[in-house]
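In: any chance you can model this:
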Amino acid sequence: MSTAESILSMEHLASLCKRRGFIFQSSEIYGGINGFWDYGPLGCELKRNIRDAWWQDMVRDREDVVGLDCSIIMHPRIWEASGHVGGFTDPMIDCRGCKKRFRADQLFEELGLKPAESTKVEEKFKVPEGTKCPACGSKELTEPRAFNLMFKTFVGPLQDESSVAYLRPETSQGIFAQFGNVLATSRQKVPFGIAQIGKAFRNEINPRNYTFRSREFEQMELEFFIKPGTDQEWHNYWVAERIKWYQSIGLPKESITQYVYDKAELAHYASACVDIMYAFPFGIQELEGIAARGNFDLSRHQEFSGKSMEYFNQETNEKFIPHVVEPSAGVDRIALALLCNAYHEEWIPKDGPAIPAEPGKQPPEGFEARTVMRFAPRVAPIKVAVFPLLKNKPELVDKSRALFNTLRRHWPCFYDQTGAIGRRYRRQDEIGTPFCVTVDFDTLQDNTVTLRERDSMKQIRIPIDQLETELLARMG
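Out: Coordinates of the predicted model:
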C-alpha cells in the first residue's frame, strides 16, 4: 500500500525527511525561504540515483542519444525566440486585505469557480463581485494580471536593458540552440536525441505541496529529433518507454496514469502531448510531459539567429528542419513520488507477517511499530548496512570493518555498531536500506554472515565469499 493509497499525510513524510536527512527547508536557521529546498545526505543520494538511472537508460544504453550540459544563463534572445519573454506567464490575483498572492487558476479551483471562455487573462479569471479571499475572508481581491515566471538578472557591472539576462526556466532551449554544433560533432543522423540534466528556475506565484512545486528545481529532458511525418509514431514510442522506466525505478503501474491532451489543450505548434501522472497524497499530479512539438523551436531559433537549423539527409538528398518529441521530467517530483510510494507504517508481530498500521493507534499487544521506506534497490540511497553483533568485541568489529570496506567499493554502504541489533535494523528500515549484513560469533568460526532483507525481514546465512554475488542478484 503506497502513501497515496493510505491516509498518511504529507506531514508524516516531511517529518521523516527532515529527521533522517532527506530534505531540509532552505535557509531554515533564518526562517526559511518559500519555494526552495535543500537535500541532505540521503536526499542527495536519492536524487543522484534518479539522475544516474535516467542517464544510463536514456543515454548510455542507447546509440541514438548523446548528452549536453548547457549554461544556466544564456543569451536573452534565446528566450525571445522561444516565446518565454513575451508569453511565459501565470495569471495572478492579490488580496488587498491580507496581502496574500494567488495563482488565479488555483484560486478558482479552490473556490469552485469556473474560468470564462476567453484567451484574455483579465476576462478568463475575472473574480465575481463579492468573492471572499479564502485566507482572510476579505472581498478585496484584485483584477487578474499576467505574471512572468522568469527570474531576471544582469550580466556585467551595469544594470540596464543592455545587460538583462534570465535564469533559464527550462533546459530544452539550450539543446535547440546547440543543435547544429551537436549534429556536426556527434556524427549522429536523424532520428537521434540530445539529453540534458540541469537546474531550472521559475518564479512560481504560489509554491506548494512540499517540494512538488518549487522555484528552483532540476529537469531531465530529451529532445529527440525526427523526420517530419513520423511524429505520432515516435511520440507513442517515447510514452511507452517512459512508463516502463518509472516501473524500473519502483513506481508501481497502478499508481501511474496518463493524461492525454485533447486538441483544444495543445500548444499551437504541438500535434500530441501526454502527461505521466502519479497519485500523490495531495492528488494526481504530473511527473513528466511528453510532447510532439513539431519544428517550432528550431524554426524560431533559425529565424531569430539567422543560422540554419536544417538537416541534410545524404541518403535521400532531402533537406528539412527536424521535428522533435520531448520527454521532460522533474528530478524533484520523481524523488517526491518515490518517497511517497516508499513510505509505510506497519505493525510487526514476534512471528508472522507485518500488518499495516492504523494511524493514530498504538500497536496491539505482541506487536511493535515499524516505519519502513520501501525503495527499489536501484534508487535506495544506501544499498547495504554492515553491523558487528557487539561493538566491544574487537574481532567482530575488525571483521565487520573489513567487509564494509570491501562492499562499499561496489555500493553506497553504511556501518553501524551502536545500539541493539534490532534497533539498528529499524534505523536502516526507516531510511530504506534494502539489505543488512551482520557479523557475529559464527562468522569467526565458519566465515558466514547473516543477510537480512528489508521488506520481508527474512534472514539467511551466507558465506562471505558468496555475499557480493548474492547482493548483486538481489539488487536487480
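
In: residue 92 falls within a helix, correct?
Out: No. When the secondary structure is assigned by DSSP: H, G, I helix; E, B strand; the rest coil, residue 92 falls in strand instead of a helix.

In: name the nearest residue to it, sequence neighbours excluded.
Out: For residue 92, the nearest residue in space outside its immediate sequence neighbours is residue 147; the separation is 4.2 Å by CB to CB, 6 or more residues apart in numbering. C-beta coordinates here come from the backbone N, C-alpha and C atoms, glycine included.

In: for the residue nearest to residue 318 when sequence neighbours are not counted, name its beta-bridge partners.
Out: Of all residues not flanking residue 318 in the chain, residue 312 sits nearest, at 7.4 Å (CB to CB, 6+ apart). Residue 312 has these beta-bridge partners by DSSP bridges: residue 319.

In: can I assume residue 312 is in contact with residue 319?
Out: Yes. If you go by CB atoms under 8 Å, residue 312 and residue 319 touch, sitting 5.0 Å apart.

In: just for the stretch 201-350 of the chain, where's the confidence low?
Out: For the stretch 201-350 of the chain, applying pLDDT under 70 flags no range at all.

In: residue ranges of the helices in it, please?
Out: When secondary structure is read from DSSP state H, counting those that start in this stretch, the stretch 201-350 of the chain shows helices at 231-248, 296-305, 331-342.

In: cool, and the stretch 1-150 of the chain?
Out: Ranges of helices within the stretch 1-150 of the chain are 10-20, 41-55, 76-82, 84-87, 104-111, 121-124, based on DSSP H, counting those that start in this stretch.

In: quick check: which of these is nearest to residue 462?
Out: Taking CB to CB, helix 41-55 is the member of the helices of the stretch 1-150 of the chain nearest to residue 462, at 25.1 Å.

In: which strands and helices lie in contact with the closest one?
Out: Identification of packing neighbours for helix 41-55 by 3 or more CB pairs under 8 Å, 6 or more residues apart in numbering; DSSP states H and E yields strand 192-201, strand 216-226, helix 231-248, helix 331-342.

In: before we move on, back to that, out of the helices of the stretch 1-150 of the chain, which gets the lowest mean score?
Out: Confidence, taken as mean pLDDT, is least for helix 84-87 of the helices of the stretch 1-150 of the chain (a mean of 80).

In: CA atoms only for it, dumped as CSV, please.
Out: C-alpha atoms of helix 84-87 as CSV (Å, rounded to 0.1, in the frame of the first residue of the first chain):
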residue,chain,number,x,y,z
HIS,A,84,9.3,33.0,-22.9
VAL,A,85,9.9,36.7,-22.7
GLY,A,86,6.5,37.5,-24.1
GLY,A,87,4.4,34.6,-23.0
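
In: which elements pack onto that helix?
Out: Packed against helix 84-87, as judged by 3+ CB pairs under 8 Å, 6+ apart, are the following elements: helix 76-82.

In: give the contact list for the closest residue to residue 24 other than its chain neighbours.
Out: Beyond its immediate neighbours in the sequence, the residue positioned closest to residue 24 (CB to CB, 6+ apart) is residue 38, lying 4.6 Å away. If you count contacts by CB atoms under 8 Å, 6 or more residues apart in numbering, residue 38 has them with 23-26.

In: of all the helices of the stretch 1-150 of the chain, which one is nearest residue 300?
Out: Proximity to residue 300, assessed across the helices of the stretch 1-150 of the chain by CB to CB, is greatest for helix 76-82 (4.5 Å).

In: hmm, who's touching the closest one?
Out: By CB under 8 Å, 6+ apart, the surrounding residues in contact with helix 76-82 are 85-86, 88, 150, 164-166, 169, 173-174, 176-177, 297, 300-301, 303-305.

In: just the helices of the stretch 201-350 of the chain: most buried one?
Out: Mean neighbour count (mean count of other CB atoms under 10 Å) peaks for helix 331-342 among the helices of the stretch 201-350 of the chain, with a mean of 24.

In: okay, the helices of the stretch 201-350 of the chain in CSV with distance to residue 205 next?
Out: Formatted as CSV, the helices of the stretch 201-350 of the chain follow (distance: least, CB to CB, whole Å):
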stretch, distance to residue 205
helix 231-248, 29
helix 296-305, 26
helix 331-342, 18
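
In: closest one to residue 155 among those helices?
Out: Distances from residue 155 to each of these were compared by CB to CB, and the smallest falls on helix 296-305, at 18.7 Å.

In: tell me where the stretch 301-450 of the chain has strands.
Out: Secondary structure of the stretch 301-450 of the chain (DSSP state E, counting those that start in this stretch): strands at 311-313, 318-320, 323-330, 343-349, 355-356, 367-373, 384-388, 413-415, 435-439, 448-453.

In: tell me what the shortest one is packed against?
Out: Put plainly, it is strand 355-356. In this structure, strand 355-356 makes packing contacts with strand 343-349, judged by 3+ CB pairs under 8 Å, 6+ apart.

In: please spell out which residues along the strand it packs on are buried.
Out: Of the residues in strand 343-349, those buried by neighbour count under the rule 16 or more other CB atoms under 10 Å are 343-348.

In: what does stretch 200-209 give?
Out: Applying a neighbour-count criterion of 16+ other CB under 10 Å, one finds 200-205, 207 buried in stretch 200-209.

In: isn't residue 51 right up against residue 329?
Out: No. The pair formed by residue 51 and residue 329 falls short of the contact definition of CB under 8 Å, at 10.4 Å.

In: ok, now which ones touch the closest residue to residue 101 other than its chain neighbours?
Out: Ranked by CB to CB, 6+ apart and with sequence neighbours excluded, the top spatial neighbour of residue 101 is residue 94, at 5.3 Å. In this structure, residue 94 makes contact with 100-102, 141-142, judged by CB under 8 Å, 6+ apart.

In: report the lowest-confidence entry in these.
Out: Ranking the contacts of residue 94 by pLDDT, residue 101 lands last with 84.

In: quick one: it from residue 126, how far?
Out: Look at residue 101 and residue 126: by CB to CB, to the nearest Å, they are 17 Å apart.

In: next one: residue 149
Out: When distances are taken as CB to CB, residue 149 and residue 126 turn out to be 21 Å apart.

In: thinking again about what came up before, and residue 277, which of the helices of the stretch 1-150 of the chain is closest to it?
Out: Comparing the helices of the stretch 1-150 of the chain under CB to CB, the one sitting nearest is helix 104-111, at 16.5 Å.

In: surely residue 32 and residue 207 touch.
Out: No. Proximity of residue 32 to residue 207 does not meet the contact threshold set by CB under 8 Å, at 11.4 Å.

In: out of the contacts of residue 38, which are buried?
Out: Buried members of those, scored by 16+ other CB under 10 Å, are 23, 26.

In: wait, which of the helices of the stretch 201-350 of the chain is closest to residue 469?
Out: Each of those was checked against residue 469 via CB to CB, and the shortest separation belongs to helix 231-248, namely 22.0 Å.
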